[in-house]
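Student: model the following, please.
(one chain, ligands or ions: 1)
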Amino acid sequence: MASGEFDTQSFRQALGHFATGVTIVTTLDESGAYVGVTANSFNSVSMDPPLVLWSLDKRAHSLKTYETAEYFVVNVLAADQVSLSKRFATSGPKDKFKGVSCTEGVGGAPVLAGCAAHFQCRKSFVYEGGDHLILVGEVVVFDASGRAGLVFHKGSYAVSQPHPVIDTTQSRPGAGQEFVEEYLDYLLTQTAERFRLQFQVVLDQAGIHKFEWRTLACLAENYEGLTFERLRDMILAERNELSRLIRSMQDKDWITSGEDFSGETRYWIVKQGLDKVIPLIAAARAHESDAMGNSSAEEARQFKDHLRGLLQWVNSGEYKPAHLVPDDPEHGSQPDNS
Ligand SMILES: Cc1cc2nc3c(=O)[nH]c(=O)nc-3n(C[C@H](O)[C@H](O)[C@H](O)COP(=O)(O)O)c2cc1C
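Tutor: From the prediction side, this is the model:
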């Protein structure tokens, strides 16, 4: 094909069929400021010596920095780091590192927290590669956390899953494991626990207890206030703990209480509580969209509809867990043969 006919758009699309991981390559500029770029061109080159490569667009704002830097770190992103990937895929001198946890690696280059792996490199070679520069680094330090890596495929973020063929013929554990990994309680609990642990980092930074956060979030959307029992039901706290936290939140002027028309005590959020919870709600929304990043908006909606439906059903009076409740000989559910 003559070069004039070369369809760059289709070429880019065809390349997108090759699934890759996602990295952020970081270094220091001449003034010592941190620099980072999202890159999926990372690849291994050699075992001995240990070499890796990645390529950088010559139009990148950070081109000069990477040309001169002696060291760089390849931070292999974990599946829950989509927002970090997006942040470092924006161009320019703005502070991409604001609020990002990192430590210093070789040559002072930043090592990002929470990644699947890191390869800290001394730059060995730089090659011309058309409109890109190819940077080869010798790995001097590396680590892998075992976290699932983020995937980029056909222009979208994705997560990797065992192939179903491999899954059924080779890597299926014994029958007992099959039960556990398919059991609804296991799936719900594992997902919820991990999701919650991730958000706990945000709560720790804000200095707020998880039940305070849940209470404020519930009250933020309830202009009519909530009763103690309703709150307890929504945030799943022990009675004594909720009483203690309510007193502490009232002392901090986050919430207030009063009687409703039927004489029952209700709790409301007040301005200071709202100021506290609004940024957390924004962070929670961002966390959720990160975690659901691989589902389309329609899939995410359907998933939530299923969960909501299931919750309503197990909470409803209609649902009787017949297999769990032994027959009561006195009031039992034995067929009436009289
Ligand atoms: C998933 C993904 C992978 C990317 N891979 C590369 C890459 O390998 N090389 C590159 O130069 N740019 C890549 N980019 C684009 C850069 O991250 C983007 O141009 C960034 O703005 C460059 O930063 P800078 O201009 O501040 O230097 C990628 C972007 C995304 C979203």
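
Student: and the nearest residue in space to residue 89 that is not next to it in sequence, what does it touch?
Tutor: Distance criterion C-beta to C-beta, 6 or more residues apart in numbering; nearest residue to residue 89, sequence neighbours excluded, is residue 38 at 4.0 Å. Every C-beta, even on glycine, is put in place using the N, C-alpha and C of the backbone. For residue 38, the contact set (C-beta atoms under 8 Å, 6 or more residues apart in numbering) comprises 22, 23, 24, 85, 86, 88, 89.

Student: and residue 24, by the same measure?
Tutor: Per C-beta under 8 Å, 6+ apart, neighbours of residue 24: 36, 37, 38, 39, 75, 77, 84, 85, 88, 112.

Student: among these, which one is most surrounded by other residues?
Tutor: Neighbour tally across the contacts of residue 24 (other C-beta atoms under 10 Å): the maximum, 32 neighbours, falls on residue 75.

Student: who touches that one in this structure?
Tutor: With contacts defined as C-beta under 8 Å, 6+ apart, the neighbours of residue 75 are 23, 24, 25, 26, 36, 111, 112, 115, 118.

Student: that one: what secondary structure?
Tutor: What DSSP: H, G, I helix; E, B strand; the rest coil gives for residue 75 is strand.

Student: tell me how far it lies from the ligand.
Tutor: With distances defined as C-beta to the nearest ligand atom, to the nearest Å, the gap from residue 75 to the ligand amounts to 13 Å.

Student: again with residue 61
Tutor: Using C-beta to the nearest ligand atom, one obtains 3 Å as the distance from residue 61 to the ligand.

Student: wait, that residue touches residue 89, no?
Tutor: No - in this structure, residue 61 is not within contact of residue 89 by C-beta atoms under 8 Å, at 11.9 Å.

Student: who does residue 24 form a beta bridge with?
Tutor: Counting by DSSP bridges, residue 24 is bridged to residue 38, residue 75.

Student: in terms of pLDDT, where does it sit?
Tutor: Residue-level confidence at residue 24 comes out at 98, pLDDT.

Student: now swap in residue 197 and tell me
Tutor: Predicted confidence (pLDDT) at residue 197: the value is 89.

Student: okay, now residue 6: neighbour count?
Tutor: Once other C-beta under 10 Å is used to define contacts, residue 6 is seen to have 9 neighbours.

Student: next, it: phi, psi?
Tutor: Main-chain torsions, residue 6, degrees, to the nearest 10: phi -70, psi 120.

Student: and it, how close does it get to the ligand?
Tutor: 20 Å.

Student: can you check residue 74 too?
Tutor: In this view, residue 74 and the ligand are 11 Å apart by C-beta to the nearest ligand atom.

Student: what is the burial count for the closest residue to residue 65 other than its chain neighbours?
Tutor: Sequence neighbours aside, residue 29 is the residue nearest to residue 65 in space, at 4.5 Å (criterion: C-beta to C-beta, 6+ apart). Residue neighbour count, defined by other C-beta under 10 Å, stands at 15 for residue 29.
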